[in-house]
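Peer 1: Here is a sequence together with a model predicted from it:
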Amino acid sequence: MPPPDVTPPEEPSREELDRQVRDHYGGWRDQPRGLACAVIAAFLILTTVAFGLAAVAMIMAAR
């Protein structure tokens, strides 16, 4: 427990905290589009796998 003559430091206001977060992380428009990137990556991976399976099926059918 601090001595009674020592005052605790003041906590920053909500506006000050918001400003610090904005300065550190930027606005929402500055953030990468993580979900969009994940959806596009999943589409590319699944499309590649589908073409690969189609090619294997065609090769197997030609035998």
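Peer 2: Perfect, I can see it now. These numbers come from a predicted model, not from an experiment.

Peer 1: Now do the buried residues in the longest helix seen in the chain.
Peer 2: For the chain, the helix with the greatest residue count under DSSP state H is helix 34-62. Neighbour-count burial for helix 34-62, with 16 or more other Cβ atoms under 10 Å as criterion, is recorded at no position. In short, each C-beta sits where N, CA and C put it, glycine included.

Peer 1: Numbering from 318 from now on, please.
Peer 2: I'll keep to 318 as the first residue from here, and by that count the last item is helix 351-379.

Peer 1: Could you check how far that helix is from the centre of its chain?
Peer 2: Averaging C-alpha positions (Cα atoms, centre = their mean, to the nearest Å) puts helix 351-379 24 Å from its chain's average.

Peer 1: Tell me where the model's unsure across the protein.
Peer 2: Where the chain drops to pLDDT under 70, the residues are 318-321, 343-349.

Peer 1: Taking the centroid of it, which residue is nearest it?
Peer 2: Gly351 (4.1 Å; Cα atoms, centre = their mean).

Peer 1: wait, what's in contact with that residue?
Peer 2: Not one residue lies near Gly351 by Cβ atoms under 8 Å, 6 or more residues apart in numbering.

Peer 1: From Thr364, how far off is it?
Peer 2: Relative to Thr364, Gly351 is positioned 20 Å away (Cβ to Cβ, to the nearest Å).

Peer 1: likewise Glu327?
Peer 2: In terms of Cβ to Cβ, Glu327 sits 57 Å off from Thr364.

Peer 1: same deal with Tyr342?
Peer 2: Distance from Tyr342 to Thr364, by Cβ to Cβ: 33 Å.

Peer 1: what's the nearest residue to Pro329 if we skip its chain neighbours?
Peer 2: In space, and not counting its chain neighbours, Pro329 is closest to Gln337: 7.6 Å by Cβ to Cβ, 6 or more residues apart in numbering.
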